[in-house]
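Engineer: What shape does this take:
(one chain, ligands or ions: 2)
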Amino acid sequence: MSWISHATPIATGAITCVIGSLESSLHHIGVIQHSHVLALWLFFAGCGVLQLCLSFLICTPIERIWPLTSWAERNPIVADVTYAFFVRLVLFPLIAFFEYDWLRQQLDGFFLAHSMKPPSLLALVPALASWPLLVFFINFATLDLSDYWRHRLSHRYGWWYGVHSVHHAEDQMTFWSDERSHVLEDTITYLWLIAVGLLIGVPSLQFPFVILGFRFVGSLAHSNTSISYGWLGDHIFISPRFHRTHHALKAAGRRSCNFGTALSWWDITFNTAKFRDNTIETGDAGAEPAMVSGSWGAQQAAGFRRMVRLARRARKAHATKAIS
Ligand SMILES: [Zn+2]
Ligand SMILES: [Zn+2]
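Structural biologist: Ligands and ions are numbered 1, 2, ... in the order given. Next up is the predicted model:
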């Protein structure tokens, strides 16, 4: 498979071993058909759940010991937990590995059929072949840069902010809030990252781990905690304080700042970073109650309604401007 040829030897060995063991276990319990695909699915879903467990084990104690704020009445978190598991068990293996790997193979096949090299960082700088970790980090940073712009644009256009506002509606932000997003936004985000990943030649095996890296930093960044990463840490990674400023009530919609996903460099580079802020309250005053504390389905429906409403408003404003 194409992911094997793209991976580093150590990673390939370890992953092949785990997937082989999973496949043997499936054979052992009588699952023979599609056992390889199922083993791959179990592997990536397992990696997603492990990342979530790691975030839980880090974030839960820091939120208990050093909380930033507390609420007299806690909103139900069932919807947020549903988002987190739905993404890890379904979306992440399906899109970040299977869909990406399939597209990667199609693209590689197309280039090879035309006697051309597929686009990749290694084709551009062959010397990097002996520095796999550096290649991973460059790919991570490039995808992070592209996600910065996706997020910034989602605050620029009304219809887009309508779907993104499901994420901003959270008024009791904790590490569980990271995955709270509309399925339409998840689709746009994955398509965006897949397109950039293919363009810069991120190997099939690296792509899911870059996404997991984003989710790990993201869950920490949403934590309800007063701890800081310090001056240097805040200027490298997206910290809870930095991201809370992005979720401030006054920062909802176009007035926002701090758009970064994992690295704060892009906000610093493009002048959207705001470090000196002590935001505690989060949310979006324009979000209807169903979007704030409704069930998963109610939040999705409310996000869709707001998308339509904001798109109509933008169209009207555009027409009025054209007349005057
Ligand atoms: Zn946002
Ligand atoms: Zn957020």
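
Engineer: contacts and neighbour counts: CA atoms only from here.
Structural biologist: Will do.

Engineer: helix, strand or coil for residue 320?
Structural biologist: Under DSSP: H, G, I helix; E, B strand; the rest coil, the three-state class of residue 320 is helix.

Engineer: what's it in contact with, if anything?
Structural biologist: Listed by C-alpha atoms under 8 Å, 6 or more residues apart in numbering, the contact set of residue 320 is empty.

Engineer: could you measure it against residue 306, distance?
Structural biologist: Relative to residue 306, residue 320 is positioned 21 Å away (C-alpha to C-alpha, to the nearest Å).

Engineer: what do you get for residue 169?
Structural biologist: Residue 169 is 12 Å from residue 306, by C-alpha to C-alpha.

Engineer: Please say which of those two ends up with more neighbours.
Structural biologist: Per other C-alpha atoms under 10 Å, whichever of residue 169 and residue 306 has more neighbours is residue 169, with 28 against 25.

Engineer: how about that one, what does it touch?
Structural biologist: 283-285, 287, 291-292.

Engineer: And these, which of them are buried?
Structural biologist: 283-284, 287, 291-292 (16 or more other C-alpha atoms under 10 Å).

Engineer: How about the backbone phi and psi for residue 237?
Structural biologist: Main-chain dihedrals, residue 237, degrees, to the nearest 10: phi -110, psi 160.

Engineer: can you offset everything so residue one is 766?
Structural biologist: Sounds good: first residue 766 from here, last item residue 1002.

Engineer: how close does the nearest residue to residue 984 once chain neighbours are set aside get to residue 809?
Structural biologist: Closest residue in space to residue 984, ignoring its immediate chain neighbours: residue 940 at 4.7 Å, by C-alpha to C-alpha, 6 or more residues apart in numbering. As judged by C-alpha to C-alpha, residue 940 and residue 809 stand 21 Å apart.

Engineer: swap in residue 795?
Structural biologist: 21 Å.

Engineer: can you check residue 801 too?
Structural biologist: In terms of C-alpha to C-alpha, residue 801 sits 13 Å off from residue 809.

Engineer: repeat for residue 964
Structural biologist: 23 Å.

Engineer: In terms of packing, which of those two has more residues around it?
Structural biologist: More crowded of residue 964 and residue 809, by other C-alpha under 10 Å: residue 809, with 23 against 15.

Engineer: Quick one: residues contacting that one.
Structural biologist: 857-858, 862, 973.

Engineer: The same query, at a cut-off of 7 Å, please.
Structural biologist: By C-alpha atoms under 7 Å, 6 or more residues apart in numbering, residue 809 lies in contact with residue 858.

Engineer: Tell me the gap between the helix or strand in which it is found and the middle of its chain.
Structural biologist: Assessed by DSSP states H and E, residue 809 sits inside helix 800-830. Offset of helix 800-830 from its chain centre (C-alpha atoms, centre = their mean, to the nearest Å): 14 Å.

Engineer: What average pLDDT does it get?
Structural biologist: Confidence for helix 800-830, expressed as mean pLDDT, is 95.

Engineer: May I see the buried residues of that helix?
Structural biologist: Neighbour-count burial for helix 800-830 [16+ other C-alpha under 10 Å]: 800-801, 803-810, 812-814, 816-817, 820-821, 824-825, 827-828.

Engineer: and after that helix, which helix or strand comes next?
Structural biologist: By DSSP H and E, the next helix or strand past helix 800-830 is helix 843-851.

Engineer: buried sites along that next one?
Structural biologist: 844-846, 848-850.

Engineer: for stretch 972-991, same thing?
Structural biologist: Neighbour-count burial for stretch 972-991, counted by 16+ other C-alpha under 10 Å, picks out 972-977, 979-991.

Engineer: same question, stretch 1040-1055
Structural biologist: Buried residues in stretch 1040-1055, counted by 16+ other C-alpha under 10 Å: 1040, 1044-1049, 1052-1053, 1055.

Engineer: Distance to residue 1024 for the residues you listed - can I get that in CSV?
Structural biologist: Converted to CSV, the buried residues of stretch 1040-1055 look like this (distance: C-alpha to C-alpha, whole Å):
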residue, distance to residue 1024
1040, 12
1044, 15
1045, 18
1046, 18
1047, 15
1048, 16
1049, 16
1052, 20
1053, 23
1055, 25
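
Engineer: Between the residues you listed, which sits nearest residue 832?
Structural biologist: residue 1045 (10.8 Å; C-alpha to C-alpha).

Engineer: quick one: the closest one and residue 836, what's the gap?
Structural biologist: Relative to residue 836, and taking C-alpha to C-alpha, residue 1045 is found at 12 Å.

Engineer: again with residue 813
Structural biologist: 30 Å.

Engineer: which phi and psi does the closest residue to residue 797 other than its chain neighbours have?
Structural biologist: Leaving aside its sequence neighbours, residue 797 sits nearest to residue 791 (C-alpha to C-alpha, 6+ apart; 7.0 Å). Backbone geometry at residue 791, expressed as degrees, to the nearest 10, gives phi -60, psi -40.
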